[in-house]
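**Q** below are the sequence and a predicted model for it; my questions follow.
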Amino acid sequence: MSLSVRNLQIAYRTLRGDVQAVDDVTFEVADKEIMGLAGESGSGKSTLGNSLIFLEGRMRHVGGTVDLDGKALPISNYRAMNRHRMRDVSIIPQYAMSALNPTKKIGSLARDLLKARGFHLADVLPEFRRRISLVGLPDNVLGMYPFELSGGMRQRATMVISTLLNPSLLIADEVTSALDVSNQRAVGELLTEFRDLGYVKSMIVITHDLSILAQIADTITIMYAGKLAEKADASTIVDKPLHPYTQALLSSLPEVGLRYEDKELTGIPGRPPSLLDVVSGCRFKDRCPFARDRCRDEPPFVELLPGHQVACWKASDEVKGLGGWAHEGAAGSAPSIGRAGGEVEHPGGAEGPGSERPGDANATALAPRVSEGLEAPVGKGQP
Amino acid sequence: MTRYFARKIGLYLLAFWAGVTIDWAIPRLMPGNPIAAYVSRFSLNSQGPWTALYQLFNKAFGYNLPIWDQYWHYWDNLFHGNLGISLYAFPEKVTTLIAQAAPYTLALLVPAITLSYVLGNRVGAMAARRKALDNTVLPLGYLFQAMPYAWLALAAAFYLAQIERWFPVQGGSAAGVAAGFTWVYIWGLVSHWFLPFLTVFLVSFGGWSIGMRNLVIYELETDYARYLRALGAPSRLVRRYAYRNAVLPQLSGLALALGTVIGGNIVTEVVFQYPGLGHLIYTAATDQDYSLLQGIFIFIIVGVLVANFVIDIVYILIDPRTRLSMQGAAA
């Protein structure tokens, strides 16, 4: 087990009190696993990712433990954590395009960083150059200043620097968000390649873009309002999501080959709850079309099916064969029980062209359905 | 690169021309007639000799010529190193007077500006990350920066020289001591130099330290600093990067501040009766000494332009981004 997070709680200190951005989160990431971490803005996904390497000024570790490769990570201790940064845990930050010092050549920035970690640039230089060309940067990039590169090139340079010491865990925070779709795909493939080549053992890819996760992730974890909602294989999440939030999230994505003339693409009505003053019970209940009295109690995040964890009373009942969860919410906005989200309302496009393709990996067949229209179907195994 | 420098030098020449022209024009546009004032000193009672003397001096200084001829003569003389003859110290040459006063001003300003800049940057950068230092340096910095030179000079002269009698205030060296490599003479120079130096230094120091503190705080919050910290870089490295990047705007600030500091220096020298260029300007202005005023101004104009040019070049050396834009301009 590469990474094991138990009951992690991270809060932001604000003038109006602590905001519990990550609340009692427990999950594991296996060796060689790429875990996608998805959720809407403010769901706590970036906070969760960042807390594993660097607690910024206002972030506070309230409780819980993090183990990496069997050893505890002292995430709340800035100094003790320093030893692990870049070597054991590394990050491609959300701001990867501006992460490099503008007045420092990329090579000398890497030299300074490595020296601070007890390495010499000369020792890793051949490997550095190999990776630089792997990500498609010119060889002379080490002698260039960041402002001489495009944003995408800077991001790839950051990617290489972050992973130079072959960390056990890489946190890739919104790495595809600022890119156009063809670059998104290229960066996504690079991430899986880095994993396949052993540059990083396992990875957490944080994004709000489910389509990119369908392409590269092995497992997908959905976060909502600071809590984990669902975690399962990427194909299970896309095909057979159990949590109403996941279902709604997927149904708000457009499908390839469908025209939305007759039927508008549905979003999720309402807004996420304020984390400053958290209501008890299920956090999605105010927006959930299935919400019932029982949802006033907080549903536990438990494994309902093998490898499929969900925090939802309805899902739990359905898996046990108990019914009675009639649809009470806004008409037409939510998918019905037992069928994959996103398909129900669009019979014409359900099981579109993607279903005919041979699925080499969990995500292959699903990619076209969840992808945006511009993107071609991509499978991980394709060259 | 060559094109960049050609353009820069062209701009500096243009600035020099404009400065000299304005310098030449201003005394001629000022009210009053310096020759008349000068001739009146001789206390001639009758009109005849007065007019004769007036015309003689007018001709000697070239003020009888048409205005354009005066302008060309001025440039011609300038290129021959001839700044004219002083009226108030007649028949002393302006260049001689400047050469006597300039060492005092340079000895005052060069250390005051460089030391306040270097120390202000260092202390400001330290204040950016130490609460205790920040709480003392910041208010003190604001206090000094807000003080007019003249006021601080007066306060220092009054308290440290008149009340406490720690320092002398008159002149540039001890009175009645012959110039030479003697301890008495050198001590006289230093003790007379200290208070004017302190005044200019403190006011500039406040500004630099506040500016640097704010810039370093900004730099420490930037993405690259966060990234370095996230990858476990020691804070020494992060601070070094932040300092280097924060120095860049400070350096442009230095180029801008030179003129202000020199202006402040004039009043400082007047307050301390310090025999530098500032004091000489004051004397020349009160005595309506055109040539002397113009000469000193040209000296200052050249000094500021040269200093700015040097800062320009240093900036190119330390900020790679300007080098890139230069290549772009040359391409």
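**A** Yes, it's here.
**Q** from here on, contacts and neighbour counts on C-alpha atoms
**A** Fine.
**Q** what's the burial count for residue 243?
**A** I went with chain A, as the question did not name one. Each residue near A:His243 was counted by other CA atoms under 10 Å in any protein chain shown, and the total is 26.
**Q** hm, I was asking about chain B
**A** Counted by other CA under 10 Å, the residues lying close to B:Tyr243 total 23.
**Q** and the closest residue to it other than its chain neighbours, what does it touch?
**A** The spatially closest residue to B:Tyr243, leaving aside those adjacent along the chain, is B:Val216, at 6.2 Å (CA to CA, 6 or more residues apart in numbering or on different chains). If you count contacts by CA atoms under 8 Å, 6 or more residues apart in numbering or on different chains, B:Val216 has them with B:125, B:128, B:242-243, B:246.
**Q** who wins on neighbours among those residues?
**A** Neighbour counts for the contacts of B:Val216 (other CA under 10 Å) peak at B:Ala125, which has 27 neighbours.
**Q** in what helix or strand does the closest residue to that one other than its chain neighbours lie?
**A** Among residues not flanking B:Ala125 along the chain, B:Arg213 sits closest, at 5.2 Å (CA to CA, 6+ apart). When elements are assigned from DSSP states H and E, B:Arg213 belongs to helix B:183-220.
**Q** just B:Ser116 next, same as before
**A** With secondary structure defined by DSSP H and E, B:Ser116 is part of helix B:94-127.
**Q** give the buried residues for the next helix or strand after that helix.
**A** Going down the chain from helix B:94-127, the next helix or strand is helix B:131-146, by DSSP H and E. Neighbour-count burial for helix B:131-146 flags B:134, B:137-138, B:140-142, B:144-145 (criterion: 16 or more other CA atoms under 10 Å in any protein chain shown).
**Q** of the contacts of B:Val216, which is the nearest to chain A?
**A** Chain A lies nearest to B:Ala242 out of the contacts of B:Val216, by CA to the nearest CA, at 8.9 Å.
**Q** tell me if the closest one really is in a helix.
**A** Yes. Secondary structure assignment places B:Ala242 in a helix (DSSP: H, G, I helix; E, B strand; the rest coil).
**Q** okay, now the nearest residue to it once chain neighbours are set aside: neighbour count?
**A** Leaving aside its sequence neighbours, B:Ala242 sits nearest to B:Glu219 (CA to CA, 6+ apart; 5.2 Å). The tally of other residues near B:Glu219 (other CA under 10 Å) stands at 21.
**Q** check contacts around B:Glu219.
**A** With the criterion set at CA under 8 Å, 6+ apart, B:Glu219 makes contact with B:225, B:242-243, B:245-246.
**Q** could the residues you listed go into JSON lines alongside pLDDT and distance to A:Ala291?
**A** Formatted as JSON lines, the contacts of B:Glu219 follow (pLDDT from 0 to 100; distance: CA to CA, whole Å):
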{"residue": "B:Ala225", "pLDDT": "93", "distance to A:Ala291": "45"}
{"residue": "B:Ala242", "pLDDT": "93", "distance to A:Ala291": "52"}
{"residue": "B:Tyr243", "pLDDT": "93", "distance to A:Ala291": "55"}
{"residue": "B:Asn245", "pLDDT": "93", "distance to A:Ala291": "54"}
{"residue": "B:Ala246", "pLDDT": "93", "distance to A:Ala291": "55"}
